[in-house]
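model this:
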Amino acid sequence: MENGRIVENYIDQTKEKYDLDDDVYGNILVALTECVNNAIVHGNKEDKTKDVTIGIDIKDHEISFTIEDEGEGFEYEELPDPTAPENIDKLGGRGVFLMKHLADEVKYYEPGNKVEITFYI
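Reported below is the predicted structural model:
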C-alpha cells in the first residue's frame, strides 16, 4: 500500500506526456488507484511477496491500463450493486463501481485477476 505514490506519479507522468485533459486525468487517477488498491488488498491479500503489474497502451484517441495481480481472481460479474438500498452500508464493491463509471470501458480477464481500463482521449 505504501507504493500508492508510485501509482500517482505514474499517472502524473502519463498526463504530462500525453497532455491529458484534466477531467480524463481525474477519472484515470481515481479508477486506476481503486483498481491497484483492489489488486493489493483483495487480489494479493496484502502479501508483500506478490506483485501488481500495470501496463499502458495508447492508440489514436484512447488510453488503456492493464492491471494484474498474483491472486486467484474473483467473480467480477457477481458483485452486488453498492448503490442498492440493501448494500448502502456495506463497503465492498465500491471500487469496481467507481472504475466502471469513470472509465469508458472495463474488461476483466479470467480468472478475474487482470483488468483492462480504457479511457477515450
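
can we go C-alpha only for contacts and neighbour counts from here?
Will do.

Okay, strands next: where are they in the protein?
52-59, 62-69, 105-109, 114-120 (DSSP state E).

which residues touch residue 60?
By CA atoms under 8 Å, 6 or more residues apart in numbering, the contact set of residue 60 is empty.

gap between it and residue 15?
Counting by CA to CA, to the nearest Å, the separation of residue 60 from residue 15 is 15 Å.

just to revisit the earlier point, of the strands of the chain, which is nearest residue 77?
strand 105-109 (9.3 Å; CA to CA).

Same question for that closest one: list its buried residues.
Of the residues in strand 105-109, 106, 108 count as buried by neighbour count, 16 or more other CA atoms under 10 Å.

same check, this time on stretch 97-113
In stretch 97-113, counting by 16+ other CA under 10 Å, buried: 97, 98, 99, 100, 102, 103, 106, 108, 112, 113.

How about the fifth one, nearest residue that isn't a chain neighbour?
Of all residues not flanking residue 102 in the chain, residue 27 sits nearest, at 5.3 Å (CA to CA, 6 or more residues apart in numbering).

before we move on, what about the second one?
Of all residues not flanking residue 98 in the chain, residue 31 sits nearest, at 6.4 Å (CA to CA, 6+ apart).

Residue ranges in this structure under the pLDDT threshold?
Scanning the chain for pLDDT under 70 picks out the ranges 1-2.

Find the centremost residue of it, please.
residue 35 (2.5 Å; CA atoms, centre = their mean).

For that one, give me its contacts.
Applying CA under 8 Å, 6+ apart, the residues near residue 35 are 67, 95, 96, 99.

what's the farthest-apart pair in those?
Greatest spatial distance in these: 67 and 95, 13.8 Å, computed using CA to CA.
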